[in-house]
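S.K.: Starting from these lines, generate the structure:
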Amino acid sequence: MKRLLPILSALLLLAGSPLRAADLPTLWAERLKCVVAVEYVTESETDRHPNVILGVVADKAGTIILPAAAIDPRVAPSQLKEFKVYLPGEATSSTAEYLGQDALTGWHFVRVEEKLRAQLVPITAFVAKGPAPVPALAEEIWGLGLRNKDEDFAPYILQSHIALIQSLPQRTAIAQQEVAGPGLPVFNAAGEFIGLASTSFGQTFLQFSRMDRGGSPIMLINVEESSAFQLAEEVLPYLGRVPKNVFGRPLAWLGAYGFEPMDREVAAFLKLESQSGAVVSEVLEGSPAEKAGMQARDIVLAIDGKPLPRFKPDRVVVAHVEREVERRFPGDAMAFTVLRGSERVELKATLGDEPKLMREAERKYFERIGFTAREFVYGDAVARRVKLADRTGVVAHFAKPSSPAAIAGLRPEDWIREIDGAEVKTFAAAVEKLTAIEADLLRTEFVLLVSRGGDTAVLRVKLK
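M.R.: Have a look, this model is predicted:
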């Protein structure tokens, strides 16, 4: 009888496990209805590039959230075309509309046409009653993956165990191996939603060869599956943050630039080992931070009276401060406790509206010349350390290979200050000048004065 007790105990544990072989296929089939594949086209000046990403259904209105890394941040919303949504294992698609990106979560939102919505189930249907469950170390978890388009996005299952939970600054779990496709949900043994897979973390290896005995490091990244996921408590409160427009506005703006984590030795000297601090590298001209009296080298210790939490690694505090701004709106007030030298200073800032972003900047492509001119915006001034009063000219956004502009030496991000010896003060003035040059078929050449990395050059553009 004593010999039978361990066997009976093991059988009872197996029978009580929610992940019995008979249960998992049922849970898996039900939860497939909350995931989709999304295809879209990025349209540039010279070509069209198809892209496929994975998403999860957020609500009954057919709203789908996509990972932050799903769309290149340099691409303007006007270049995103032909959104289509596919159900797992289906070859046919339904059309969808791009709604924009949320600044706080980084998620992109799309909404599928009405005819498909009845076949979708929001992820909230699989949320546990009460507080969102937090997985324990070594707990068994599982998630979903979808194959590629040429396989009709065939679904498959992944299983793993929790290896680590960290604040990055969102509470993030890392599994022992890949547990879901990026942007797809993760569940516990009972089938309850416990998190949303992030972009896969890279793994560093050493590669050895007979010629290189020391080995050289390489980075391997699985772009189709991820072992990291944000916990449900970091996901569920933000499913309703659907952007009001494709640019995600309104966008709160502080204007404190280049935060760095407080050095540990400095923290020990100041007896601040129990918390984090964020050092301000620069305060931008005309920003709410400048108006509040914030200065470079100020160390932010608290926001709205709450000390910054202790993070590991230290650099995570930067994302924490940025998220505290991003979760607010223009016009909101923020109180900062900063350490300036040996003195604590209390500052109050009223957040502004983020200046025009590069993805919002006006653009125009000149086919004959072979480049796209982009409006010079606030971010360009910051990158080039130019005062607001000196914001003139346009930026070369794209130079077509082998075009007159490219042959002359024009490169993307060149700052065009003059055209044919005349200073260009606005985007409209540059477009007018370049349009006239392109329309003059007898014109054989013109010159551009450009600034690149602090150096100035004159480029002779030959049109014939």
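
S.K.: Work out the gap between stretch 415-427 and the centre of the chain.
M.R.: 34 Å (CA atoms, centre = their mean, to the nearest Å).

S.K.: CA atoms of that stretch as PDB?
M.R.: Extracted C-alpha coordinates of stretch 415-427, given in PDB (Å, rounded to 0.1, in the frame of the first residue of the first chain):
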ATOM      1  CA  TRP A 415      19.200  69.900 -44.600                       C
ATOM      2  CA  ILE A 416      18.600  72.000 -47.700                       C
ATOM      3  CA  ARG A 417      19.100  75.600 -46.900                       C
ATOM      4  CA  GLU A 418      19.300  77.300 -50.300                       C
ATOM      5  CA  ILE A 419      18.100  76.500 -53.800                       C
ATOM      6  CA  ASP A 420      19.900  78.300 -56.700                       C
ATOM      7  CA  GLY A 421      21.500  80.700 -54.200                       C
ATOM      8  CA  ALA A 422      18.300  81.800 -52.600                       C
ATOM      9  CA  GLU A 423      17.500  81.000 -49.000                       C
ATOM     10  CA  VAL A 424      14.500  78.800 -48.500                       C
ATOM     11  CA  LYS A 425      12.500  79.900 -45.500                       C
ATOM     12  CA  THR A 426       9.500  77.600 -45.600                       C
ATOM     13  CA  PHE A 427       8.400  74.300 -47.000                       C
END
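
S.K.: Quick check: closest non-adjacent residue to Thr46.
M.R.: Lys400 (6.1 Å; CB to CB, 6 or more residues apart in numbering). C-beta: built from backbone N, CA, C; applies to glycine.

S.K.: Show the contacting residues for the one you found.
M.R.: Going by CB atoms under 8 Å, 6 or more residues apart in numbering, Lys400 touches 45-46, 370-371, 406.

S.K.: Next one: it from Thr456, what distance?
M.R.: The gap separating Lys400 from Thr456 is 23 Å, by CB to CB, to the nearest Å.

S.K.: next one: Val112
M.R.: 50 Å.

S.K.: can you pull out the helices in this protein?
M.R.: For the chain, the helices defined by DSSP state H cover 4-16, 24-31, 114-117, 232-235, 264-269, 288-292, 316-326, 378-384, 404-407, 427-439.

S.K.: For the fourth one, which outside residues touch it?
M.R.: The set of residues that contact helix 232-235 without belonging to it, under CB under 8 Å, 6+ apart, is 127, 131-134, 170-172, 193-196.

S.K.: ok, 10 Å please
M.R.: 56, 58, 65, 105, 107, 123, 126-128, 131-135, 167-172, 185-188, 192-196, 229 (CB atoms under 10 Å, 6 or more residues apart in numbering).

S.K.: Find the nearest non-adjacent residue to Gln170, please.
M.R.: Spatially, and ignoring its direct neighbours in sequence, Gln170 is nearest to Glu234 (4.3 Å; CB to CB, 6+ apart).

S.K.: Okay, domains of the chain per the record?
M.R.: 19-243, 252-353, 361-462 (automatic domain parsing).

S.K.: Need these in CSV (columns: mean pLDDT).
M.R.: Shown next, in CSV, are these (pLDDT from 0 to 100):
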stretch, mean pLDDT
domain 19-243, 90
domain 252-353, 93
domain 361-462, 95
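
S.K.: if I look at Leu99, how far off is His108?
M.R.: Separation of Leu99 from His108 (CB to CB): 8 Å.

S.K.: Equivalent analysis for Ala457, please.
M.R.: Remark: distance between Ala457 and His108 (CB to CB) = 38 Å.

S.K.: what's the answer for Val38, then?
M.R.: The gap separating Val38 from His108 is 9 Å, by CB to CB.

S.K.: higher neighbour count, these two?
M.R.: Ranked by neighbour count (other CB atoms under 10 Å), Val38 and His108 place His108 first, with 28 against 23.

S.K.: I'd like to know how many residues surround the closest residue to the more buried one other than its chain neighbours.
M.R.: Excluding the flanking residues, the one nearest His108 by CB to CB, 6+ apart is Leu66, at 4.3 Å. By other CB under 10 Å, the residues close to Leu66 number 23.

S.K.: ok, back up a step: okay, Val112 and Thr456: which has more neighbours?
M.R.: Neighbour totals were compared for Val112 and Thr456, and Val112 leads with 25 against 11 (other CB under 10 Å).

S.K.: do you know how far the residue lying closest to Phe247 once chain neighbours are set aside is from Leu254?
M.R.: Counting by CB to CB, 6+ apart, Glu360 is the residue found nearest to Phe247 once chain neighbours are left out, at 5.4 Å. According to CB to CB, Glu360 stands 19 Å off from Leu254.

S.K.: Check the gap between the residue nearest to Thr46 and Ile369 for me.
M.R.: Here the criterion is CB to CB. By it, Lys400 lies 9 Å from Ile369.

S.K.: okay, and the common contacts of the two?
M.R.: Contact with both Lys400 and Ile369 is made by residues 406, 410, according to CB under 10 Å, 6+ apart.

S.K.: got a list of what the closest residue to Tyr40 other than its chain neighbours touches?
M.R.: Nearest residue to Tyr40, sequence neighbours excluded (CB to CB, 6+ apart): Phe83, at 4.7 Å. Counting by CB under 10 Å, 6+ apart, Phe83 touches 38-41, 64, 93-99, 110-113.

S.K.: about what we covered before: right, and the residue nearest to His108 touches Val38 too?
M.R.: Yes: with contact defined as CB atoms under 10 Å, Leu66 reaches Val38; the gap is 6.2 Å.

S.K.: Pull up the overlap in contacts between those two.
M.R.: Common neighbours of Leu66 and Val38 are listed as 53-55, 98, 108, 110, 183 (criterion: CB under 10 Å, 6+ apart).
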